[in-house]
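no sequence for this one, just the structure:
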């Protein structure tokens, strides 16, 4: 399965009429971006792991790779993650369609911006910087 299948699912869910659809859209759109970046790192020799720690490792690796234009994207990835947690676990706070649509648009834009930046910052250097940082904090070998 490809990462963008989650993105497509998220976009379909935003057209739903129930809060459960919108919450699920937020969750799926985060996981689309998560799997996009996870594959990027794996392709370039960085295994961020599996389970809960991999979410931190992706965010932290991007946010500390040594390239300011890319590091900003790490914070955006973490915001999508926090939105996903709120959508999945904080059922007492309402989520509306507009919030879900915004999350889906942000995730699509995040990937597009990253892909555009790959024209100016070599992928291997992004991965190497992330790997150095994650090793320095003892999160990967």
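It's in. From a predicted model like this one, the values you see are computed outputs, not experimental measurements.

Give me the outermost residue of this protein relative to its centroid.
Within the chain, the residue lying farthest from the chain centre (Cα atoms, centre = their mean) is residue 17, at 25.3 Å.

which other helices and strands contact the helix or strand hosting residue 80?
Element membership for residue 80, per DSSP states H and E: helix 68-89. Secondary-structure packing of helix 68-89 (3 or more Cβ pairs under 8 Å, 6 or more residues apart in numbering; DSSP states H and E): helix 19-43, helix 52-63, helix 97-117. C-beta: built from backbone N, CA, C; applies to glycine.

hang on, residue 37 packs against residue 62?
Yes: between residue 37 and residue 62 a contact is recorded at 6.9 Å, counting by Cβ atoms under 8 Å.

overlap in contacts of the two?
Both residue 37 and residue 62 are contacted by residue 77, under the criterion Cβ atoms under 8 Å, 6 or more residues apart in numbering.

quick one, phi psi at residue 119?
phi -80, psi -20 (degrees, to the nearest 10).

okay, now it: neighbour count?
7 (other Cβ atoms under 10 Å).

Then residue 121?
Residues contacting residue 121 under the criterion other Cβ under 10 Å number 17.

Could you report the pLDDT at it?
According to the prediction, residue 121 has pLDDT 95.
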